[in-house]
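Trainee: Structure of the sequence below:
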Amino acid sequence: MNNKWLYEFEAMQSTNKEDGSTEKVLKKFAILKPNRRIREDGELFYAAETSRFAKAGVLPKAAWNTILSNGGGSISDDERELYGNLLLKFRDLSFELQSILIKGESDRTESEKSRMNELMDELDTIRKEIQSFESSQISIFENTAEAKARNRTILWWVLNMSYQYEGDGFKPIFNGESFNEKILKYDDFEDNQDKFEFMLGIIRRITYLITLWFLGRAESAEDLEYFDKSFLKDNNELPEAPKQEVVEVKTEQLIEELKP
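Mentor: Modelled structure (predicted):
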C-alpha cells in the first residue's frame, strides 16, 4: 500500500460489445490520504457551510442544546440530563487529551501515554453514546446547521479523495480546482446513469468508506478493507468481480445506515 493512499481496491467493469460479446476490464481505484493542507481546507469548508446554513435560518446545534436544556423539545428531563452530562464529559476528556497531544511524543511520560490511550477509548465510547442519543432524536439533530454542513463536507471529501488509475498513475475522478467545478462532474454521473452505471457503483462504494473514515470509525487500510468487504457482501457483490449497483448517492442515507 502506497503511503499516499488510505485505501486501494480493484473492480471489474463489464462492457457489452457490438458483436454481442462481453469485455471485462479490471479497474483500479484509490482513496487519497489527505495531508495537512487538505485537512485544513476540509475544516474550512465545514466551517463555511455551517455558517451558510446558520445564516439561512437553520438552527445550530448550540441553539437546540439551549432549547433542550430549558425544557423544550421532545425528550424527558432524565434524557435531557443524561445528554447534557455526556456533552460535558466529552468536553472535559477532550481538553485533557488535548493537553497531552500538544506535547511532542518524546516529551510525554509513560503515564501520559497510557492515559492518552485510555482517554481515546473513553471518548470513542462517549461519542457512540452521543450519536445513539442523537439518532433517536433524528428530527432535531439532523436538521441542525452542523448536521447539514457535515453531510456537505462528506461530499467535499468524496470529491477530493476519489482517484482512478489511468495511463501511468492515479488521477482524480472529479476534475476541477474548486468544489463547484468538481460537483459538475458528480452531477454528470448522476444525470447519465445508463452511461455511468459502473462509476455510480464505485462512487457509492467510495462514499461509504469515506463516510466511515470521516466519522472516525475507519482509520487504517485494514479498517477500510474490512468495511469494504462488508459493503460488497451486503450488496451481493463479489470482491473478485463486483457487479456494481446503480444508485443515487445520498450522504444522509449513508449516515443513517452507519448510526449505532
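Trainee: Can I take it that N3 is in a strand?
Mentor: No: counting by DSSP: H, G, I helix; E, B strand; the rest coil, N3 is not found in a strand; it is coil.
Trainee: which one is it nearest to, not counting chain neighbours?
Mentor: Using Cβ to Cβ, 6 or more residues apart in numbering and skipping the chain neighbours, the partner closest in space to N3 is K33 (7.0 Å). The way it works is simple: take the backbone N, C-alpha and C, and place the C-beta from them, glycine included.
Trainee: how many other residues sit next to that neighbour?
Mentor: Here the number of neighbours of K33 (other Cβ atoms under 10 Å) works out to 16.
Trainee: which phi and psi does it have?
Mentor: K33 has phi and psi values of phi -90, psi 110 when expressed as degrees, to the nearest 10.
Trainee: And K17, by the same measure?
Mentor: Dihedral angles of K17 (phi, psi; degrees, to the nearest 10) stand at phi -90, psi 170.
Trainee: Tell me how many other residues surround the nearest residue to it once chain neighbours are set aside.
Mentor: Leaving aside its sequence neighbours, K17 sits nearest to E23 (Cβ to Cβ, 6+ apart; 5.5 Å). If you count neighbours by other Cβ under 10 Å, E23 ends up with 9.
Trainee: next one: E177
Mentor: Neighbour number of E177 under other Cβ under 10 Å is 7.
Trainee: any idea how far P172 is from K185?
Mentor: P172 sits 9 Å away from K185, going by Cβ to Cβ, to the nearest Å.
Trainee: need the strands for the stretch 151-260 of the chain, in chain order.
Mentor: Shown for the stretch 151-260 of the chain, the strands assigned by DSSP state E, counting those that start in this stretch span residues 162-166, 169-172.
Trainee: Reformat these into CSV and put mean neighbour count, distance to A149 and mean pLDDT next to each item.
Mentor: Compiled in CSV, these are given as follows (neighbours: other Cβ atoms under 10 Å; distance: least, Cβ to Cβ, whole Å; pLDDT from 0 to 100):
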stretch, mean neighbour count, distance to A149, mean pLDDT
strand 162-166, 18, 20, 96
strand 169-172, 13, 23, 94
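Trainee: Right, I'll call it a day here.
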